[in-house]
Every structure is written in C-alpha cells, then in structure tokens.
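# Here is a sequence with its predicted model. Questions after.
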Amino acid sequence: MTRLADLSIDALTALLAGRGLSLDFGDARARIRSEVAALAPAIQRAYGEFAHDADAAFHDVAVRLRRRGGAERLGGARVELESDADIPFAPFPAGIHLPLLEWGLNYLLAQRLNHRLLVHAGVVELDGRAIVMPALPGTGKSTLTAALVTRGARLLSDEFGIVDLEDARLHPLVRPVSLKNASIDVMSAFASDATFVPRFPGTRKGTVAYLAPDARSYRERRVPAVPGLVLFPRYEPGAQIRVETLSKARAFAKLAVNSFNYEILGPDGFDAVGRLLQASEVYRLSYGSLADAIDAIGELVSRLERHA
Amino acid sequence: MTLRMPSKEALPPYVRGLVEVLADPGRSVDLDLATWDGVVRVARSSQLLGTLAARMDAAGLMARCPAPVRNHLRAATMEARFLRHMALLEIELVARALAPRGVPFVLLKGAGYVAADLPMAAGRMLRDVDLLVPRHRLAEVESTLFDAGWRTDERLDAYDQRYYRAWSHQLPPMRRADAPLEVDVHHAILPVTGRIRPDSEALMRDAIPTGRGWKVLDPADRVVHAAVHLFQDSNCTDRLRDVVDIDALCRDLAAREAGFWARLVQRAELHGAMRPVGYAIEFARGWFGTPVGDEFDAAWRRARGRWASGWVIRRAQRSLPPTDFEQGRDRDQLRAARWMFLRSMWLRMPPWLLAYHAAMKVWRGTIARSQRPPGAGNR
C-alpha cells in the first residue's frame, strides 16, 4: 500500500473530503474526514509512514473536522471536531487543525478502550521489552519517549500505556509524539534528521509540534510488547544521572492514580496493574541530559534480559 | 378505524440493524463488519452499547463476534458494571442521609431497575439516580442532601433555579464532589404545568420494596412513567433507548405477572395517561415485536384519537430514531422532529408560559453572546 508520504496532496485532500482516510494505529483504527484543506499536508507529515486502508470496514473512532465560518466574528475562522454527532470541544482557531485532531482522538480513545487498562504514559519497546513511563508532572515523558524513539526504540504510544487485561502485555497505539514548548527545540537539536511537523503556536497548551512515527514502529503496530520496565523519570536541569529502585507498592499507587480507567475496571484494573508490575522492574530515573537518560535506560534493559 | 402503526421495516437501515440484533441477538452472526460499524456507533450514541453487550453475552454469542466488535462490547460491559456500582453507592448514601428524617423515597427509571435487579438493568449506562419524594417534603430533602454534601451545578443562575422550582417536576440536579452520577429529586413524574398530571400520591403509596430495602414503582407504573417520559416530557427525537426500555419492561412483567396488562390499563387510566402509554406500546410492538395482551389493546383502541394518534405515530416513527451520522437527518425526519418539538412544548406548559420561557431564552442568549470573551469556551 502507498505511504501517505508518497501520496499527492490532492489525493489525500480528496480522501479526507470524501469517504475518509482510514488509519490503523495498531490497537485502534480511525476514520478521519476533514473540510479543512490545510489538514492534508499536516497529516502527510505527521503520519507519513502510514498507509490509507481503503478496505477497512470497521473503525473504533470516526471523526470529522468542520469549518466554522468567519461569521464567528471574534477570532476569525474556526475549526470544530465532530464524532458521531458529538462535539467534545469548543471550536479551535482554524490554524490549530492537527492538534484538534490529535486531542480529539485522545479524548475519544480514552473513553472507548475500556477492555484494556489505560495508563497515562509514554511507552516504547527496546530489545523486546516494554518501557512504561507514567505521565507525572515534570517527568518530560513525551520528550523522553521522543528521544528514545529517535535512538532506535520502537514507539508504542506517547500518551496511552495500553495494558492487556489477560497477560499485561502493552499494545501499541502508534501516533505522532506531541512535543510542547521548550521540548520542541530540545528535540529538534537532539534529532535533527527526524521528521517533525511544524509548530502550532497559540494552542491551549502553548506551542505544539509533532514527531512523526518511524517506519518500523508503524510496521509493528500490531505487535504487543512484553513488560520490562516501569520507569518514573524526573527531569532536573543540570542534574547527574541517578537510578533508584522504587517499591512496587508505591509504584502501584502511582500507576493507579495515573490511569484513565482504573476505577472503571474495578477488580480487573487492580489485577492488570498487579500483573504489569509483577512482570516489570521499577525504577526512578533523575536526569539532566537526554543522552545520559537513554544510556541508563539501555543499561537497565540489558540487565533485564540477563535475568529473563 | 385503522391507523398506520410504527414499523421496523420503515426504520432507516443504520438503526434497523441495531433494533434487529437487540430483538434477536442470533441475527448478529449474519452481520458483516461494515454493518457492525454502524450498529456499534448507533448503539453507543443511543446509550445502548452496554445493553447490546449484555444481550449478546446472555445469548452466548460474544465469542462469535468479530474481535474489534467484541472489544467495544467488553469495554461497554466494564463501564456499565462500574456505573452500576456507583449508582448503588449513591442510592445507599441518599438512603442514609434521608433515613433519620423518615422521608420516604421511590427510585425511578434506571436506578429503580438496578435496585430491583431487573434483567433489563444488565449493561445499562446509568448517568443519574432519579428519586420521587412527597412534594411537601421537597425543601427538607434538598437541605438534608445539601448537608450531606450534594450540590447543584453552580453555573445555574437565578432564572434556571426558578425554572426548576416553579415549573418543573424536579429540583435542579445535585451531585456530590467527584461523584460520577447526579441525583435528580422529583416530586412528580411530569412537569406540574403540563396537560397530564399523573397521581404522585398513588405512585408513592403503591410503590413496592425491593430485596435491597429501597422502594421502586409498582411494575405497571414503571411502564406508565417510561411512556409519559417519552411521549409527554420529551421532544421524541433520538429516543431509541426509551423504546428499548418499554419493550423490556413489558416482556419481563408480562412473563412474571398474570394480570399485568389489565393492571397496566388500570394504572394508565388512573394517571390519565392512556394515550402516551398506547403510543409507547405501539412503538415497542412495531419495532421490537413486544407481545401485547388483548385487555390492553381493547382499552387502547377506545382511548386513541382517530386523527391525533395517527399524527403523533407518523411523526414519531421518523423523529424517534437516532440521526444518521453519515447523512444527517433527511427532510422528512427534520420536519417530523420540528413538529414533535412543538408538540412537546404544547404538552409541557400553557401557551402564555411557553411565550414567557421562549422570550427568556432569546433574551438570555443575547446576554450570553454579548458577554462571551473572544476565544472563550475551549475545554
């Protein structure tokens, strides 16, 4: 199938305006439609390695971006996301189309995947083992996720740790990694050859940019990863790298609190967190430089393999 | 006299698939993935995905579902299980708060189905807990619940508050901090300004205790409530779930109680609600094949109007189904929905009051627009 990167903008625009672009993220499929022409080139960069699946009959989420005319006097033209007659957010300024799409998908998927435990976390796979980095404030999980991916780790998700309720394996939901404000410059300097989608200034989260998933992460989107590390990173400017063990009891509480649906799953959520932690080593990682953090994580993973 | 009755065949294809699988889960084995896509979307937006999952599960058909569909059904089952726990917790806390005062209360709708452990409660997506209390104790209930931690939405202004208290049949919805379900305290099952006034005292008096110790409506009153809620108190637009409820209530009760249909006639007449109950039963029968007792049909044939009933049924057939997400509503559906909206206003309050509220709505809309700062409202 043709990569979106090799499709003409006209063809992509026609897909978005017509029956919709069908994208497979791995653990979920989306159908995306848009009346906003500027979305096509943004999607082409953010999802360049993905292919449109014309034969997909079932989608877990269907969204449409619609123009809300300039008649909305203040603030000019706007764009709105609709899914099955539901409009989850007030309209965004017209230029913030890709962030609206990404946040809309996050919002909808977070409600619909209750057959799995959903931890708010970045997840990558390194040497066959999943590294789950819960999204606590100040962790820089998206930056660290992006950095690991540009150094060869497989991207599962920068937002959802999707834990299988049966065997605690991590399911991929491969989508662009969202970078905010200062981390955009950090990452552009760190990985100058990676594909970034240009900045969207003035969103509700400040300036946002996206790192496009690489070909391998997309190709292996259906391959779950065996638990390996549950890592609580902490970014401290200028700090030396420091790795500390963390008790699994403490980690349990942190994971449960950082889950989108721990409460909803009840006993199944309890079991899933337990299984994930049983199968993982748990560390706290303080870092001042991304390169040091990546080396330290590689070291932790290689030790895992000796034990396994 | 013949009326054109509601029919499943006249439903749009995207709704018909869901209706057929709900009525007979066995038909799901013939569905292709593209049809499932529509069925799951309509079921979710109609708050019926958990019900669909429960019926598929009860029929032992989960394993035969395509994997992506099964995932959504299992997800809905999880959510419904959680909401059921939360509803039971909320009811327990309400009961504890009201017990020292000796205020009687009766659980309505979904909370009642769950409290009574009815089979139809399986998979239900509960969003609120509805209670009926005696009108003369309403203020006492409100202050008691307030003291126990329930609050009304602080965004309600003085007009909203007055609307609820003077013209509606319930207090403004109340919620404990972070509780996922609201508590709606009613003193009647229809607005006090409306054309039909069900007998609230009879509803309270004849309520029956459940195994959990709380009270729920008499079985026939449950059907009356579901029916008047749909045909007197709503605009009859996108209300598939109410029809599903009425079918499930009638099937369950008719199977368990020999005199159910006669009792339903008696209660419907007592509440002056024979027509809305008749419409509701016709839609359940037309769409889901609900078996209806002869006693009921005879009474309904006497009660229904020659012209008016046909008018309502023809329009509700078009307005009750959910909107097609791909096409939107077609012209016939839009026109029917507009008529049913006007009808609901007409039934809910006398014209002078309607004119007053319509004027308030326009006026308040103007103020809201003039006060909205640029770019406001992003979540």
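Ah, there it is. Numbering: from 1, shown residues only, chains lettered A, B, ... in the order given.
# start to end distance for stretch A:25-43?
14 Å (CA to CA, to the nearest Å).
# Could you do stretch B:344-353 as well?
With CA to CA applied, stretch B:344-353 spans 14 Å between its terminal residues.
# Quick check: the gap between the most centrally placed residue in chain B and A:Pro201.
Most central residue of chain B, judged by C-alpha distance to the mean C-alpha position with CA atoms, centre = their mean, is B:Asp242 at 4.8 Å. Counting by CB to CB, to the nearest Å, the separation of B:Asp242 from A:Pro201 is 47 Å. For the C-beta atoms, the positions are set from N, CA and C on the backbone; glycine is no exception.
# Longest helix in chain B, please.
Secondary structure assigned by DSSP state H gives helix B:67-98 as the longest helix of chain B.
# residues from chain B in reach of chain A?
By CB under 8 Å from any CB of the partner chain, the residues of chain B that approach chain A are B:32-34, B:36-37, B:40-41, B:44-45, B:66, B:68-69, B:71-72, B:74-76, B:78-79, B:81-82, B:85, B:322-323, B:325, B:374-379.
# where does B:Glu182 fall, phi/psi-wise?
Listed backbone geometry of B:Glu182 is phi -90, psi 160, with angles given as degrees, to the nearest 10.
# Could you list everything it pairs with in the sheet?
Beta-bridge partners for B:Glu182, by DSSP bridges, are B:Asp128.
# could you list every residue that touches it?
For B:Glu182, the residues meeting the contact criterion (CB atoms under 8 Å, 6 or more residues apart in numbering or on different chains) are B:Arg127, B:Asp128, B:Val129, B:Pro173, B:Met174, B:Arg175.
# got it, and B:Asn235?
Residues in contact with B:Asn235 (CB under 8 Å, 6+ apart) are B:Ser319, B:Ala337, B:Met340, B:Phe341, B:Arg343, B:Ser344.
# before we move on, what about B:Val183?
Under the criterion of CB under 8 Å, 6+ apart, the contact list for B:Val183 reads B:Glu90, B:Val94, B:Asp128, B:Val129, B:Leu131, B:Leu145, B:Trp150, B:Pro173, B:Met174, B:Arg175.
# now do 10 Å
For B:Val183, the residues meeting the contact criterion (CB atoms under 10 Å, 6 or more residues apart in numbering or on different chains) are B:90-91, B:93-94, B:111, B:128-131, B:141, B:145, B:150, B:171, B:173-176.
# Look up how far B:Ala148 lies from it.
Relative to B:Ala148, B:Val183 is positioned 10 Å away (criterion: CB to CB).
# And for A:Glu102?
A:Glu102 is 42 Å from B:Ala148, where distance means CB to CB.
# contacts for stretch B:351-361?
So stretch B:351-361 is in contact with B:Tyr159, B:Arg162, B:Tyr163, B:Ala166, B:Trp167, B:Thr193, B:Leu342, B:Met345, B:Trp346, B:Arg348, B:Met349, B:Pro350, going by CB under 10 Å, 6+ apart.
# Can you tell me which of these is closest to B:Thr237?
Relative to B:Thr237, the closest of the contacts of stretch B:351-361 is B:Leu342; by CB to CB it sits at 11.8 Å.
# that older thread, wait, the residue nearest to the centre of chain B touches B:Ala227, no?
Yes: judged on CB atoms under 10 Å, B:Asp242 makes contact with B:Ala227 at a distance of 8.4 Å.
# And the strands in the stretch 201-308 of chain A, which stretches?
Shown for the stretch 201-308 of chain A, the strands assigned by DSSP state E, counting those that start in this stretch span residues A:206-211, A:226-235, A:242-245, A:281-287.
# end to end, how far does stretch B:97-105 reach?
Between the opening and closing residues of stretch B:97-105 lies a distance of 12 Å (CA to CA).
# mean confidence for that stretch?
Along stretch B:97-105, the predicted local confidence has a mean pLDDT of 96.
# and that stretch, which residues are buried?
Judged by neighbour count using 16 or more other CB atoms under 10 Å in any protein chain shown, the buried positions of stretch B:97-105 are B:Ala97, B:Leu98, B:Val103, B:Phe105.
# With stretch A:235-254 instead?
Of the residues in stretch A:235-254, those buried under the neighbour-count criterion (16+ other CB under 10 Å) are A:Tyr235, A:Leu246, A:Lys248, A:Ala251, A:Phe252, A:Lys254.
# and what of stretch B:317-327?
B:Gln317, B:Arg318, B:Ser319, B:Leu320, B:Pro321, B:Pro322, B:Thr323, B:Asp324, B:Phe325.
# same deal with stretch B:83-97?
B:Leu83, B:Arg84, B:His85, B:Met86, B:Ala87, B:Leu88, B:Glu90, B:Ile91, B:Leu93, B:Val94, B:Ala97.
# Could you pull up phi and psi at A:Leu173?
According to degrees, to the nearest 10, the main-chain angles of A:Leu173 amount to phi -140, psi 80.
# Distance of it relative to A:Leu265?
If you go by CB to CB, the gap between A:Leu173 and A:Leu265 works out to 17 Å.
# Same question for B:Glu140.
As judged by CB to CB, B:Glu140 and A:Leu265 stand 39 Å apart.
# Compare those two (neighbour count), which wins?
Residue environment comparison for B:Glu140 versus A:Leu265 gives the larger neighbour count to A:Leu265, 26 against 14, counting by other CB atoms under 10 Å in any protein chain shown.
# A:Val119 is in contact with that one, correct?
No: the pair A:Leu265 / A:Val119 is not scored as a contact, 11.3 Å apart, by CB under 10 Å.
# which neighbours do those two share?
Residues touching both A:Leu265 and A:Val119 (CB under 10 Å, 6+ apart): A:Val163, A:Ser259, A:Ala272, A:Val273.
# Between those residues, identify the one with the most neighbours.
For these, neighbours were counted using other CB under 10 Å, and A:Val163 has the most, 29 neighbours in all.
# is that one in a bridge, and if so with what?
Bridge pairing for A:Val163 (DSSP bridges) gives the partners A:Leu117, A:Leu170.
# quick one: it from A:Ile297, how far?
Counting by CB to CB, the gap between A:Val163 and A:Ile297 amounts to 20 Å.
# Please apply the same query to A:Ser289.
13 Å.
# A:Arg45 now?
Distance check for A:Arg45 against A:Ile297: by CB to CB, it reads 28 Å.
# Pull the contacting residues for residue 279.
Just going to use chain A. Taking CB under 10 Å, 6+ apart as the test, what A:Ala279 contacts is A:Arg129, A:Ala130, A:Asp167, A:Ala168, A:Arg169, A:Val226, A:Pro227, A:Gly228, A:Val230, A:Ala308.
# To clarify, I was referring to chain B.
B:6, B:227, B:230-232, B:236, B:246, B:300, B:304, B:309, B:312-313, B:316.
# again, only this time at 8 Å
Contacts of B:Tyr279 (CB under 8 Å, 6+ apart): B:Ala227, B:Leu230, B:Phe231, B:Ser309, B:Val312, B:Ile313, B:Ala316.
# helix or strand for it, which one?
Taking DSSP states H and E as the criterion, the element that holds B:Tyr279 is helix B:274-288.
# what is the rounded mean pLDDT of that helix?
When pLDDT is averaged along helix B:274-288, the result is 96.
# what does stretch B:5-22 give?
Per-residue scores along stretch B:5-22 average to 92.
# Could you pull out the buried residues of it?
Along stretch B:5-22, the positions that meet the burial threshold by neighbour count (16+ other CB under 10 Å) are B:Pro6, B:Leu11, B:Pro12, B:Tyr14, B:Val15, B:Arg16, B:Gly17, B:Leu18, B:Val19, B:Glu20, B:Val21, B:Leu22.
# Do me a favour and get the end-to-end distance for that stretch?
End-to-end span of stretch B:5-22 (CA to CA): 20 Å.
# And that stretch, how far out from the chain middle?
Put simply, stretch B:5-22 sits 19 Å off its chain's centre (CA atoms, centre = their mean, to the nearest Å).
# pretty sure A:Ser302 is touching A:Asp127, no?
Yes: between A:Ser302 and A:Asp127 a contact is recorded at 7.1 Å, counting by CB atoms under 8 Å.
# Kindly state the pLDDT recorded for residue 67?
Answering for chain A, as no chain was given. pLDDT, read off for A:Arg67, is 90.
# switch to chain B, that's the one I care about
pLDDT recorded at B:Ala67 is 96.
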